[in-house]
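Participant: what's the 3D shape of this:
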Amino acid sequence: MNQAQFQAPKLTKINKYILIAAVACFLISAILKAIGAFSLVALLGLSGSGVFSGLIYQIVTYPVMETELLGLLFNSLLIWFIGSELESMWGSRTYSRFLLFIVGGVGLVYLLITSFFFFGTYVFATPLHGLAGLNFALLIAYATLYPDRQLSMMMIFPMRARTFCWILVGIQAYYAIFSSVTTSWAHLVGMGLSYLIIRYQSKPLIHKALNGTWTRSKPKKRLYVVKDDDKDPPKYWQ
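Facilitator: Next up, the predicted model:
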């Protein structure tokens with residue numbers, strides 16, 4: 001089947017809210033940094049020390065906390081291009097649930113790993129933040145649904161979505177194994193979780209979680225004992 005060339009869709013509702021929150025956090029963080037006030041990243045980014053201090057909300061706020069202008073720009077474009085097409089196809093409710101599963105799942109795994117293996121170290125106190133991990137998960141979902149559509153690596157080299165995402169997985173795996181970039185592990189978890197959700201979306205548990213409805217099966221017929229006074233014995237099965 002010949003799949004259509006990717007085109008930028010209209011910015012959808014949920015993604016608009018995400019980008020507004022990311023831009024607002026970026027501007028507030030820049031102002032606070034300029035005046036020498038407290039770090040907004042420490043409050044909204046996800047870290048083991050923050051959650052253990054009672055900042056439970058960090059598990060859902062960490063993706064919108066961007067600190068670099070170019071990172072905000074490119075990540076916002078991906079949210080717009082990829083996320084809006086997925087939201088238009090799935091609907092806002094299913095799309096928002098998908099995002100919550102990715103954000104919550106990655107956050108929980110990140111907390112478990114940093115708590116068990118890096119407790120008391122700088123990693124335990126270093127916040128996970130930014131839209132990059134969420135975008136990686138969206139790209140995996142997109143490539144799983146449309147593997148033959150074309151995306152552009154570095155905005156220059158066109159390639160199939162499947163190939164594009166395999167390259168991203170390889171890059172993140174390299175950083176996770178051979179560098180001190182601990183966020184790469186979180187990105188890989190998000191990619192894997194995204195693939196599993198899309199790959200097995202027809203399974204009852206995942207379908208229920210994303211759409212809020214179970215696939216109903218036809219009720220089985222049951223046999224009842226019914227009296228019949230005209231027959232001997234006066235019973236029959238129905």
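Participant: for this structure, which helix is longest?
Facilitator: helix 92-117 (DSSP state H).
Participant: and it, what does it pack onto?
Facilitator: In terms of contacts (3 or more C-beta pairs under 8 Å, 6 or more residues apart in numbering; DSSP states H and E), helix 92-117 is packed against helix 13-34, helix 48-52, helix 58-61, helix 84-90, helix 122-125, helix 132-145, helix 183-199, helix 204-211. The way it works is simple: take the backbone N, C-alpha and C, and place the C-beta from them, glycine included.
Participant: okay, those, which one's buried deepest?
Facilitator: helix 132-145 (a mean of 24; mean count of other C-beta atoms under 10 Å).
Participant: so how far is Gly212 from Ser39?
Facilitator: 38 Å (C-beta to C-beta, to the nearest Å).
Participant: The two: which is more packed in?
Facilitator: Ser39 (13 against 10; other C-beta atoms under 10 Å).
Participant: The more buried one touches Ile28, doesn't it?
Facilitator: No - in this structure, Ser39 is not within contact of Ile28 by C-beta atoms under 8 Å, at 11.1 Å.
Participant: Is Met159 located within a strand, as I assumed?
Facilitator: Yes - under DSSP: H, G, I helix; E, B strand; the rest coil, Met159 sits within a strand.
Participant: List the beta-bridge partners for it.
Facilitator: Beta-bridge pairing of Met159 under DSSP bridges involves Leu151.
Participant: So it sits against Gln150, correct?
Facilitator: Yes - contact status for Met159 versus Gln150: in contact at 6.8 Å, counting by C-beta under 8 Å.
Participant: Name all residues that make contact with Ala143.
Facilitator: By C-beta atoms under 8 Å, 6 or more residues apart in numbering, the residues touching Ala143 are 161-162, 164-165.
Participant: Which ones among these map onto helices?
Facilitator: Checking those against DSSP H, those in helices are 161-162, 164-165.
Participant: circling back: quick one, which of the helices and strands packed on helix 92-117 is nearest to Thr67?
Facilitator: Smallest distance to Thr67 across those (C-beta to C-beta): 6.0 Å, for helix 13-34.
Participant: give me the number of residues near Gly71?
Facilitator: Counted with other C-beta under 10 Å, Gly71 comes out at 15.
Participant: Could you check the angle the helix or strand it falls within makes with helix 132-145?
Facilitator: Taking DSSP states H and E as the definition, Gly71 sits inside helix 69-78. Calculated by axes from the mean of the first three to the mean of the last three C-alpha atoms, to 10 degrees, helix 69-78 forms an angle of 30 degrees with helix 132-145.
Participant: Name the residues of stretch 36-45 that are buried.
Facilitator: For stretch 36-45, burial by neighbour count (16 or more other C-beta atoms under 10 Å) applies to 40-45.
Participant: Quick check: Leu43 touching Leu55?
Facilitator: Yes - Leu43 lies in contact with Leu55 (C-beta under 8 Å); the separation is 6.9 Å.
Participant: Flag the shaky bits of the chain, pLDDT-wise.
Facilitator: The chain contains residues with pLDDT under 70 at 1-8, 152-157, 180-181, 213-238.
Participant: Report the spatially nearest residue to the residue at minimal distance from the centre of the chain, omitting neighbours in sequence.
Facilitator: In the chain, the C-alpha closest to the average C-alpha coordinate belongs to Ile102, at a distance of 3.0 Å (C-alpha atoms, centre = their mean). Nearest non-adjacent residue to Ile102, counting by C-beta to C-beta, 6 or more residues apart in numbering: Ala137, 4.6 Å away.
Participant: I figured that neighbour hits Val189, correct?
Facilitator: No - contact between Ala137 and Val189 fails when scored by C-beta under 8 Å: they sit 9.2 Å apart.
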